[in-house]
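Chemist: Give me a 3D structure for the following:
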Amino acid sequence: MTKKRINTFIGSIGAFIGVLVFLSYIPQIIANIGGERSQPLQPLVAAISCLLWVIYGLTNEHKIDYILIIPNAAGVVFGFLTFITAL
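Modeler: Just a heads-up that it's a prediction; the model follows:
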């Protein structure tokens with residue numbers, strides 16, 4: 001297996017796990033909508049961090065980095081959604 005294939009494989013696993021991390025916000029969003037409020041700071045900071053990584057992945061000089069963009073785009077959506085419902 002070449003170094004590039006290993007990198008793509010590990011990156012794909014990381015992207016998948018990254019999406020799962022942000023999908024884990026769904027129970028918190030449901031609880032927030034149901035009236036159980038939580039602190040909104042962590043999901044807001046996570047969403048901003050993910051937004052910066054999406055921008056970085058889109059502006060890469062060599063090529064657009066989808067392995068970086070996909071999980072962080074989920075983080076932007078679910079982080080901001082969790083933040084909004086926690087208010």
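Chemist: didn't Val76 look like it was pressed against Val54?
Modeler: Yes - counting by C-beta atoms under 8 Å, Val54 is a contact partner of Val76 at 6.2 Å. Placement of C-beta: from N, CA and C, glycine included.
Chemist: Name the SS class of the residue nearest to Gln28 when sequence neighbours are not counted, please.
Modeler: In space, and not counting its chain neighbours, Gln28 is closest to Thr82: 5.6 Å by C-beta to C-beta, 6 or more residues apart in numbering. Here Thr82 is recorded as helix under DSSP: H, G, I helix; E, B strand; the rest coil.
Chemist: Test for you: state the pLDDT assigned to Thr82.
Modeler: Confidence at Thr82, expressed as pLDDT, is 94.
Chemist: Against Ile26, how distant is Phe59?
Modeler: No Phe there; residue 59 is Thr. Distance of Thr59 to Ile26, computed by C-beta to C-beta, to the nearest Å: 30 Å.
Chemist: Compare these two (neighbour count), which wins?
Modeler: Ile26 (12 against 9; other C-beta atoms under 10 Å).
Chemist: so how far is Ala47 from the residue sitting nearest the centre point of the chain?
Modeler: The centroid of the chain falls nearest to Gly75 when counting by C-alpha atoms, centre = their mean (2.3 Å). As for Gly75, its distance to Ala47 is 6 Å (criterion: C-beta to C-beta).
Chemist: what do you get for Gly35?
Modeler: Gly35 is 22 Å from Ala47, by C-beta to C-beta.
Chemist: Looking at these two, which one has more neighbours?
Modeler: Applying other C-beta under 10 Å to Gly35 and Ala47 shows that Ala47 carries more neighbours, namely 23 against 6.
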